[in-house]
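Visitor: Pasting a predicted model and its sequence here:
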Number of protein chains: 2
Amino acid sequence: MPVLPGPPVRTTSSPLGVHRVLEPAGSLPQAARVLDPRAEIWPDEVRIDIETLNLDAASYRQLHDKHAGEGAAIRAEVLQIVGERGKMQNPVTGSGGMLIGTVAEVGPRSPLGLEVGDRVASLVSLSLTPLAISDGLERWDGLGERVPARGHAILFGRSIAATLPEDLSPELALMVMDVCGAPALVSRTVSTYAVRTSPEDPAEAGPSVVVLGGAGKSGSLSLAAAADAGATRRVAVVRDAAEAAVLEGTGLATHVVVADARDPLGLAEALEAAGGPADLTVVCVDVTGCEQPAILVTRDGGTVIFFSMATNFAAAALGAEGVAADVTMLVGNGYVPGHAAYALDLIRGNDAVRALFEGRLAEAR
Amino acid sequence: MPVLPGPPVRTTSSPLGVHRVLEPAGSLPQAARVLDPRAEIWPDEVRIDIETLNLDAASYRQLHDKHAGEGAAIRAEVLQIVGERGKMQNPVTGSGGMLIGTVAEVGPRSPLGLEVGDRVASLVSLSLTPLAISDGLERWDGLGERVPARGHAILFGRSIAATLPEDLSPELALMVMDVCGAPALVSRTVSTYAVRTSPEDPAEAGPSVVVLGGAGKSGSLSLAAAADAGATRRVAVVRDAAEAAVLEGTGLATHVVVADARDPLGLAEALEAAGGPADLTVVCVDVTGCEQPAILVTRDGGTVIFFSMATNFAAAALGAEGVAADVTMLVGNGYVPGHAAYALDLIRGNDAVRALFEGRLAEAR
């Protein structure tokens, strides 16, 4: 385990983890360049023995593209990042990922309710989690977001971790919990839109939802959450026929539309045949340029939730103003109380979305 | 007036202005690199004879810094941008600004309700408005955001323009309308928080608001809107004593706190003496790094509105998740129906905020 130079930063711990920040001083762990990943814990911390890291999709894609898909080079860069920064935060995308592990030690003042031996997933990003890798990632070929690893990670007083459920495989649970903020926020938002009494079109009795990237992980769970919360018209926008096939017959979406989510006019035209603009538009595609298209397919008085880390803030703000669109635009907060339990329940109760996730797991193997 | 090469892009016009996009084809005017600023109008367009451009503050600052404050160089670059792009969109910040002018021609199918001779301000960004400058900006020294100019601009079917009020100077009205999205959205959001019956502290009877950058234009109007909408505790965070002095005695804020809005822990500590976290935090400072500090001074269940174009989307999304903050984060949409009239009414009814704006105008002269 690497030992970083320098004295302990603070002798008292902060629930936010500030005592682990080596530089720049005074920043929070997420914004910090370097964290102190020492194994000794402060009284409100928890140490996890790592089993698996799941790299954030945007982060892995950047590494994969940079190294032209060469696994050894990707692995070397991940090791270098963790060694230098004391955390796995991609310096280009700023994003991290999640981890699975076993609780190794619980500080006497930890508020997380964990016990030694619990198998847990960390629900805060790796981009702010002190991390040390001890096996050189020797069991990982660099080709895939799922990284078997040995080493340890630290949870702070205000971190979030979930015990892995016994009825689902840890890989499936992790994949679901990785995107569990999306369905929780979609459900909450759909619930704010009223049910229409006696609509002209029965399909518009409940709120309507468009999900850009509906065949993906956060997209398909968002569709399941929208259905659960009462949305009657649910439109999935997908990239191509292969993605459309994933959703066909699942009942997750009432309409599946193949269109380029970055093409504002093309998208709006494609949606005309699927009922037109919706109360809620959910952006789950990890590419830039979907901001204004998403705004244009949302009704006046509607909401857009941006879950993609590729979202450009100014493009969203100016994009809505530029077309005089009275829409509420939400930054997709990955934390909503109860989000992990809700997402796992959606998976348990919805065979279609469960099959979709299990299919992705099989592909990743 | 420069004449751009190439044929008209489309023979029918789009309310979004797509027919004026020269490249890349299929994009909207905001995202386009080059617009066609020809003076001939399509049937749903309006042509404005320009009097004044008001450059966006972030854009002007970038140009000012790039050219080390040399006015002639700043002017030359603005002319170059408009000449090349057919619009005034800063290629670095992506932002534009606003304009004042007189309606020169109204197409027979324009829905904007304007008449030839009306003095108007355009409420859509210059970053998407076809623009041609005919006087070489000879009356502008390059030193200041306010640019006297001759030439013309085009409004589309779905643009927004407001007739200048007769009881306020055009400079004051423009300055107010430039930031009028902020008070409208603040008012709407404050209204969603319930009044507390019999609070322990009477100051917490209504919703509470923290405004980062409370002495600025959008910040002070946000404070006025918060008061108007019933917020009882209103905390202004300002950079230094000079900014604090601007607000002292105005009644806009109930607490004025001098603190660095980029320092998460420092800000949270500074706010303890002003009642602690609030229901709504409004970010009006044009610097990066305020995302997580804003989240940390917001109550669970509260809302953060980001109005700064310097906001980093990923920092906001990951920042909330990283500290398990259940806050609603809004992208500050510059358009809310009735926003200009509401902001002008706030100025008319609030001597403090009016004096503050008039002081800024005097400084700018």
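Guide: Received, thanks.
Visitor: can you count the residues close to A:Ser125?
Guide: 25 (other C-beta atoms under 10 Å in any protein chain shown). Heads up, the C-betas are built off the backbone N, CA and C, glycines and all.
Visitor: same deal with A:Leu271?
Guide: As a burial measure, A:Leu271 scores 22 neighbours (other C-beta under 10 Å).
Visitor: and the residue nearest to it when sequence neighbours are not counted, what pLDDT?
Guide: Nearest residue to A:Leu271 in three dimensions, chain neighbours excluded: A:Val297, at 5.2 Å (C-beta to C-beta, 6 or more residues apart in numbering or on different chains). As predicted, A:Val297 sits at a pLDDT of 97.
Visitor: where's A:Ser59, which helix or strand?
Guide: Assigned by DSSP states H and E, A:Ser59 belongs to helix A:57-66.
Visitor: Relative to B:Asp345, how far out is the residue of the stretch 101-250 of chain A found nearest chain B?
Guide: Nearest residue of the stretch 101-250 of chain A to chain B: A:Leu128, at 4.6 Å (C-beta to the nearest C-beta). Here the criterion is C-beta to C-beta, to the nearest Å. By it, A:Leu128 lies 44 Å from B:Asp345.
Visitor: Looking at the two, which is more packed in?
Guide: A:Leu128 (27 against 15).
Visitor: if I pick that one, what's in contact with it?
Guide: A:Gly17, A:Leu28, A:Pro29, A:Gln30, A:Ala32, A:Leu35, A:Lys87, A:Gln89, A:Gly96, B:Leu318, B:Gly322 (C-beta atoms under 8 Å, 6 or more residues apart in numbering or on different chains).
Visitor: what do you get if the cut-off is 6 Å, keeping everything else the same?
Guide: Contacts for A:Leu128 (C-beta atoms under 6 Å, 6 or more residues apart in numbering or on different chains) come out as A:Pro29, A:Gln30, B:Gly322.
Visitor: Same check on A:Ala226?
Guide: Counting by C-beta under 6 Å, 6+ apart, the residues that A:Ala226 touches are A:Val186, A:Val190, A:Val209, A:Arg234.
Visitor: got the residues of the stretch 101-250 of chain A near chain B?
Guide: A:Val124, A:Ser125, A:Leu128, A:Arg158, A:Ile160 (C-beta under 6 Å from any C-beta of the partner chain).
Visitor: Now go through the residues you listed and say which are in helices.
Guide: Judged by DSSP state H, these include no members of helices.
Visitor: Throw those into TSV and include pLDDT, thanks.
Guide: Shown next, in TSV, are these (pLDDT from 0 to 100):
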residue	pLDDT
A:Val124	89
A:Ser125	89
A:Leu128	94
A:Arg158	89
A:Ile160	89
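Visitor: Pick out the most distant pair among these.
Guide: A:Ser125 and A:Arg158 (13.2 Å; C-beta to C-beta).
Visitor: and for the two, which residues touch both?
Guide: By C-beta under 6 Å, 6+ apart, no residue touches both A:Ser125 and A:Arg158.
Visitor: Helix or strand for the nearest residue to A:His67 once chain neighbours are set aside, just tell me which one.
Guide: Spatial nearest neighbour of A:His67, excluding adjacent residues (C-beta to C-beta, 6+ apart): A:Ala73 at 3.9 Å. In this assignment (DSSP H and E), A:Ala73 forms part of helix A:71-85.
Visitor: isn't there a strand covering A:Ala104?
Guide: Yes: A:Ala104 forms part of a strand when assessed by DSSP: H, G, I helix; E, B strand; the rest coil.
Visitor: what about dumping the CA coordinates of stretch A:200-215 to PDB?
Guide: Coordinates of the C-alpha atoms in stretch A:200-215 are reproduced here as PDB (Å, rounded to 0.1, in the frame of the first residue of the first chain):
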ATOM      1  CA  GLU A 200     -59.200  13.400 -25.000                       C
ATOM      2  CA  ASP A 201     -56.600  10.700 -25.500                       C
ATOM      3  CA  PRO A 202     -56.600   8.000 -22.700                       C
ATOM      4  CA  ALA A 203     -52.900   7.600 -23.200                       C
ATOM      5  CA  GLU A 204     -52.500  11.100 -21.700                       C
ATOM      6  CA  ALA A 205     -54.400  10.300 -18.500                       C
ATOM      7  CA  GLY A 206     -51.200  10.200 -16.500                       C
ATOM      8  CA  PRO A 207     -48.100  12.300 -17.000                       C
ATOM      9  CA  SER A 208     -46.000  11.600 -20.100                       C
ATOM     10  CA  VAL A 209     -42.300  10.900 -20.200                       C
ATOM     11  CA  VAL A 210     -39.600  10.900 -22.900                       C
ATOM     12  CA  VAL A 211     -36.300   9.200 -22.000                       C
ATOM     13  CA  LEU A 212     -33.300   9.900 -24.200                       C
ATOM     14  CA  GLY A 213     -31.200   6.800 -24.100                       C
ATOM     15  CA  GLY A 214     -34.100   4.600 -22.900                       C
ATOM     16  CA  ALA A 215     -32.400   1.300 -23.600                       C
END
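Visitor: can you pull the buried residues of it?
Guide: Residues of stretch A:200-215 classed as buried by neighbour count (16 or more other C-beta atoms under 10 Å in any protein chain shown): A:Glu204, A:Gly206, A:Pro207, A:Ser208, A:Val209, A:Val210, A:Val211, A:Leu212, A:Gly213, A:Gly214, A:Ala215.
Visitor: pretty sure the last one is in contact with A:Ala244, am I right?
Guide: No: taking C-beta atoms under 6 Å as the definition, A:Ala215 is not a contact partner of A:Ala244, at 7.4 Å.
Visitor: quick one: common contacting residues for those two?
Guide: Listed as contacting both A:Ala215 and A:Ala244 by C-beta under 6 Å, 6+ apart are A:Val238.
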